[in-house]
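Student: predicted model, plus sequence, below.
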Amino acid sequence: MRALMLDFQPRSRSTPLGWSLLGVGVVLALTCMVVQQHLSGEAEQQQGHLQTTQRVLSGDTGTGSKVSLSPAETREQAQNLAEMRKVSQQLRRPWERLFSTLEAMPRENVALLSLTPDARKGQVRISAEARDLEAMLDFHQRLEATDELSDVSLLSHEIVTNVPEQPVRFNLSATWEIGDANP
């Protein structure tokens, strides 16, 4: 009689697919670690630039010595500072007063199409459509009479002939008075 062989824990067989999946997993894990280290290095570098910029802007050098910047860093810092001042100037404009002035004006015969403010230049461009030339001129006079806008100029106008009512589309430019706001 033959000997009976019982194997309750068979040996696992390794397949090429299993080894390839293991290899791909290891490569993917290593790639993730390298990318993470690279991003951490960049974050530390950006944090260092931020701290240096904050120290220079506040006038605190930390050690009592002047932080020396390369000409390229100085130029970049000046550009960043100019951009921050530009954004700050635009945010300090009296936006609410401009919008409330335009919303409070009677516009039965005029529809505003677009409003393009340029806070840096202190001007605003208004595109609108009026029922007729008289309504356009009346709107122009009312804008000129407001406290917020001055030097209102008609830039262009055209009569839309392909519409039965023949409305007038026009563009105005005005100086946006800032009054008590600090530019």
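Tutor: Looks like it came in fine.
Student: show me what the longest helix seen in the chain is packed against.
Tutor: The single longest helix within the chain, with elements called by DSSP state H, is helix 16-58. With contacts taken as 3 or more Cβ pairs under 8 Å, 6 or more residues apart in numbering; DSSP states H and E, helix 16-58 sits against helix 71-91. The way it works is simple: take the backbone N, C-alpha and C, and place the C-beta from them, glycine included.
Student: now for the very next helix or strand once past the helix it packs on, which elements pack on it?
Tutor: On the C-terminal side of helix 71-91, the nearest following helix or strand under DSSP states H and E is helix 95-104. Other helices and strands packing on helix 95-104, by 3+ Cβ pairs under 8 Å, 6+ apart, are strand 110-118.
Student: any idea of the pLDDT on Ala43?
Tutor: At Ala43, the model reports a pLDDT of 93.
Student: ok, Leu91 next?
Tutor: 68.
Student: quick check: buried residues in stretch 158-175?
Tutor: Judged by neighbour count using 16 or more other Cβ atoms under 10 Å, the buried positions of stretch 158-175 are 167-174.
Student: show me the protein divided up by domain.
Tutor: Domain assignment for the chain by automatic domain parsing gives 47-59+70-91, 95-176.
Student: do you know which of those domains lies nearest Ala29?
Tutor: For Ala29, the closest of these is domain 47-59+70-91, at 26.7 Å, according to Cβ to Cβ.
Student: now do the buried residues in the closest one.
Tutor: Residues 52-53, 56, 77, 89 are the ones in domain 47-59+70-91 that count as buried (16+ other Cβ under 10 Å).
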